[in-house]
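In: only the shape, not the letters, is given here:
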């Protein structure tokens, strides 16, 4: 039986993750409003009600306000923290004066960033810390030292990455004593190059695919949890279809609706179930603060189990907008 790689490591995580990027209002210095706090509270309650126990953050989300808002929720309900698996990310720095936005995997910055994350969340530790985007100046030994200090201090239990290739992970891994636990990537019915890369081997069409060769296979072999950000594709297939979307996206949305009606479930469950049907045990990170939309994802795991090979391929080929080679 397939088991989530994070569960194999001892983390009692759910099959779905709630992404907390929308929490805290806008990406500005405006204070968090009561309405922002209420929306976040309802989102967390909706997630817990459908069995979600893992929550995904990043220090940059709404410029730190997402973590602060979540921290207030934890403070108002003692004991809730121990029921959760909390993950956050660091490594992206905003522009400051004449200094442009950049990535920073330096030892000093990683330590500083984690202290800020813990302070905003009001917790003593993170279950998982991810490096947000590849830093061209990364020195694996320096990252390893930072990770070692954080683990020894009890501030972080597991470490991972986001948006990294197989080669980048291997390069970093060579300096780490512990196996990286997570790689978070954009994956959805609308972003399917992670599949195209494989089916286009020895095909001219493959020259236009921009996805790390062998990344899925590498993560599966090394027991690295693949997480999918943007798994609902901004709602394109579940009711938020823009007027300018191409015909094949419209037809895919119709197919999602047809399957949802036939199976007496939601469109969200079909879209997520398609991702979760893949043997890589992909863990979708739902990026919405809408409580109703979160609740609509409840049936996703069951739909993944029920989805036939023919249904899965029908969705994939439709979303591609072209037949398989």
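Out: Yep, it's here. As the structure is a prediction and not an experimental result, all values here were calculated from the model. Numbers count the residues shown, from 1 in each chain.

In: what ranges do the helices span in this structure?
Out: In the chain, the helices defined using DSSP state H lie at 5-8, 34-49, 65-76, 107-121, 140-152, 166-173, 193-199, 215-221, 247-262, 267-276, 291-295, 300-306, 309-320.

In: just the mean pLDDT for the fifth one, thanks.
Out: The average of the pLDDT scores along helix 140-152 is 98.

In: looking at the helices of the chain, which is nearest to residue 134?
Out: Relative to residue 134, the nearest member of the helices of the chain by Cβ to Cβ is helix 166-173, separated by 5.5 Å. All C-beta atoms are positioned from the backbone trio N, CA, C, and that covers glycine.

In: buried residues in the closest one?
Out: If you call a residue buried by 16 or more other Cβ atoms under 10 Å, then helix 166-173 has these buried ones: 166, 168, 169, 172, 173.

In: nearest spatial neighbour of the last one, skipping sequence neighbours?
Out: What that stands for is residue 173. Sequence neighbours aside, residue 180 is the residue nearest to residue 173 in space, at 5.9 Å (criterion: Cβ to Cβ, 6 or more residues apart in numbering).

In: the one you found contacts residue 168, correct?
Out: No: taking contacts as Cβ atoms under 8 Å, residue 180 lies outside contact range of residue 168: 10.5 Å.

In: what's the overlap in contacts for the two?
Out: Common neighbours of residue 180 and residue 168, using Cβ atoms under 8 Å, 6 or more residues apart in numbering, are residue 161.

In: now do the residue nearest to residue 173, the pLDDT please.
Out: pLDDT, the model's per-residue confidence, is 98 for residue 180.

In: cool, and residue 239?
Out: What the model reports for residue 239 is a pLDDT of 89.

In: repeat for residue 1
Out: Reading off the per-residue confidence, residue 1 sits at a pLDDT of 58.

In: which residues sit in contact with the closest residue to residue 9 other than its chain neighbours?
Out: Nearest in space to residue 9, with sequence neighbours left out and distances taken as Cβ to Cβ, 6+ apart, is residue 181 at 6.0 Å. Residues touching residue 181, when contacts are defined by Cβ under 8 Å, 6+ apart, comprise 5, 6, 9, 128, 158, 159, 160, 224, 225.

In: rerun that using 7 Å as the cut-off
Out: 6, 9, 128, 158, 159, 160, 224, 225 (Cβ atoms under 7 Å, 6 or more residues apart in numbering).

In: just among those residues, which is most surrounded?
Out: Compared across these, residue 6 has the highest neighbour count, 27 neighbours, by other Cβ atoms under 10 Å.

In: how far away is it from residue 13?
Out: Taking Cβ to Cβ, to the nearest Å as the measure, residue 6 falls 5 Å from residue 13.

In: same thing with residue 92?
Out: Counting by Cβ to Cβ, the separation of residue 92 from residue 13 is 24 Å.

In: can you pick out the residue with more neighbours from the two?
Out: Neighbours per residue, other Cβ under 10 Å: of residue 92 and residue 13, the larger number sits with residue 13, 22 against 18.

In: right, and that one touches residue 4 too?
Out: Yes: here residue 13 lies in contact with residue 4, judged by Cβ atoms under 7 Å, at a distance of 6.4 Å.

In: sketch out the low-pLDDT regions of this protein for me.
Out: Screening the chain residue by residue with the criterion pLDDT under 70, one finds the ranges 1.

In: name the residue most distant from the centre of it?
Out: Distance from the C-alpha centroid of the chain, by Cα atoms, centre = their mean, peaks at residue 98 (31.5 Å).

In: residue 198 - how many residues pack around it?
Out: If you count neighbours by other Cβ under 10 Å, residue 198 ends up with 16.

In: which residue packs closest to it, ignoring adjacent ones?
Out: The spatial neighbour of residue 198 that comes closest, neighbours along the chain excluded (Cβ to Cβ, 6+ apart), is residue 216 at 7.3 Å.

In: try residue 127
Out: Looking at residue 127 with Cβ to Cβ, 6+ apart, the closest residue is residue 85, at 4.6 Å.

In: that neighbour touches residue 52, doesn't it?
Out: No: between residue 85 and residue 52 no contact is recorded; they are 9.7 Å apart, counting by Cβ under 7 Å.

In: now do the same contact list for the residue nearest to residue 198.
Out: When contacts are counted by Cβ under 7 Å, 6+ apart, residue 216 touches 194, 226, 280.

In: tally of neighbours for the second one?
Out: One way to gauge burial is a neighbour count; for residue 226, by other Cβ under 10 Å, it gives 22.

In: run through the bridge partners of it.
Out: residue 183 (DSSP bridges).

In: and it, how close does it get to residue 200?
Out: Distance, residue 226 to residue 200, using Cβ to Cβ: 20 Å.

In: can you tell me, leaving aside adjacent residues, what's nearest to residue 60?
Out: Using Cβ to Cβ, 6+ apart and skipping residues adjacent in sequence, the residue nearest residue 60 is residue 92, 5.2 Å away.

In: pretty sure that neighbour contacts residue 134?
Out: No: using Cβ under 7 Å as the test, residue 92 is too far from residue 134 to be in contact (10.8 Å).

In: bridged to the residue nearest to residue 127, which residues?
Out: Taking DSSP bridges, one finds residue 54 as the beta-bridge partners of residue 85.
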